[in-house]
Every structure is written in C-alpha cells, then in structure tokens.
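The following block contains a protein sequence and its predicted model.
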Amino acid sequence: MSIDNRCREQQRVADQVFMDFKYTSPGSKEQVRALNTLSFLVGMWADFLVQEEKRMSSALTLEASV
C-alpha cells in the first residue's frame with residue numbers, strides 16, 4: 001500500500017480523533033480514546049515505514065547486482 005493510499009484510508013479516523021480531542025472536555029473518555037487511537041496510528045506508521053525501508057533496501061540491492 002502506498003503512503004498516499006494509507007493517508008486516504010486513515011483520513012476519517014484522523015478527523016474523528018481531532019474532533020474528539022478538540023471539542024470534548026479535558027480528560028473525558030472521548031479525549032482518552034482519541035489519544036489511544038492516535039498512539040495506535042503512530043505505531044502503524046512506524047511499522048509501515050520500517051517495512052517500506054526494508055522493501056526499498058531490497059530493491060536497491062537487486063538493482064545494484066544487475
């Protein structure tokens with residue numbers, strides 16, 4: 001999945017996180033859920049970028065050997 005596709009896939013969730021965090025009272029269950037969701041999404045991006053780096057390294061290795 002490309003970065004662009006991943007961004008589009010997560011747009012709705014990101015919008016909801018923003019709204020829940022900004023427009024609810026401090027410490028509310030909505031804010032806590034928004035922070036947990038944000039943390040989860042950041043972890044997903046970290047995993048995605050690690051895999052992308054491995055994929056690109058493999059592609060560059062193949063290109064160098066040709």
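Everything's here; your move.

could you pull out the strands for the chain?
With strands called from DSSP state E, the chain shows none.

Any stretches of it with poor pLDDT?
Residue ranges of the chain with pLDDT under 70: 66.

Output the longest helix belonging to this protein.
Ordering each helix of the chain by length in residues (DSSP state H) puts helix 29-65 first.

That one: which residues count as buried?
30-31, 34, 37-38 (16 or more other CB atoms under 10 Å). The C-beta positions use only the backbone N, C-alpha and C, and glycine is treated the same way.

Ok, stretch 6-21 next?
Those would be 17, 20-21, for stretch 6-21 by 16+ other CB under 10 Å.

For it, give me every contacting residue.
With contacts defined as CB atoms under 8 Å, 6 or more residues apart in numbering, stretch 6-21 is touched by 1, 30-31, 33-35, 37-38, 41, 45, 48.

Make a markdown table out of those and add distance to residue 7.
Putting these into a markdown table (distance: CB to CB, whole Å) gives the following:
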| residue | distance to residue 7 |
| --- | --- |
| 1 | 10 |
| 30 | 23 |
| 31 | 24 |
| 33 | 21 |
| 34 | 18 |
| 35 | 20 |
| 37 | 16 |
| 38 | 15 |
| 41 | 11 |
| 45 | 10 |
| 48 | 11 |
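
Which of the residues you listed sits closest to residue 61?
residue 48 (20.5 Å; CB to CB).

And the closest residue to that closest one other than its chain neighbours, how close does it get to residue 30?
Excluding its sequence neighbours, the residue lying closest to residue 48 (CB to CB, 6 or more residues apart in numbering) is residue 6, at 6.4 Å. Separation of residue 6 from residue 30 (CB to CB, to the nearest Å): 25 Å.

Run through the residues that contact the residue most central in space within the chain.
In the chain, the residue lying closest to the centroid (CA atoms, centre = their mean) is residue 45, at 3.6 Å. Applying CB under 8 Å, 6+ apart, we find residue 45 in contact with residue 6.

One more: residue 48?
Per CB under 8 Å, 6+ apart, neighbours of residue 48: 1, 3, 6.

Now that we have those, can you turn them into a markdown table and tack on distance to residue 12?
Below are the contacts of residue 48 laid out as a markdown table (distance: CB to CB, whole Å):
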| residue | distance to residue 12 |
| --- | --- |
| 1 | 16 |
| 3 | 17 |
| 6 | 13 |
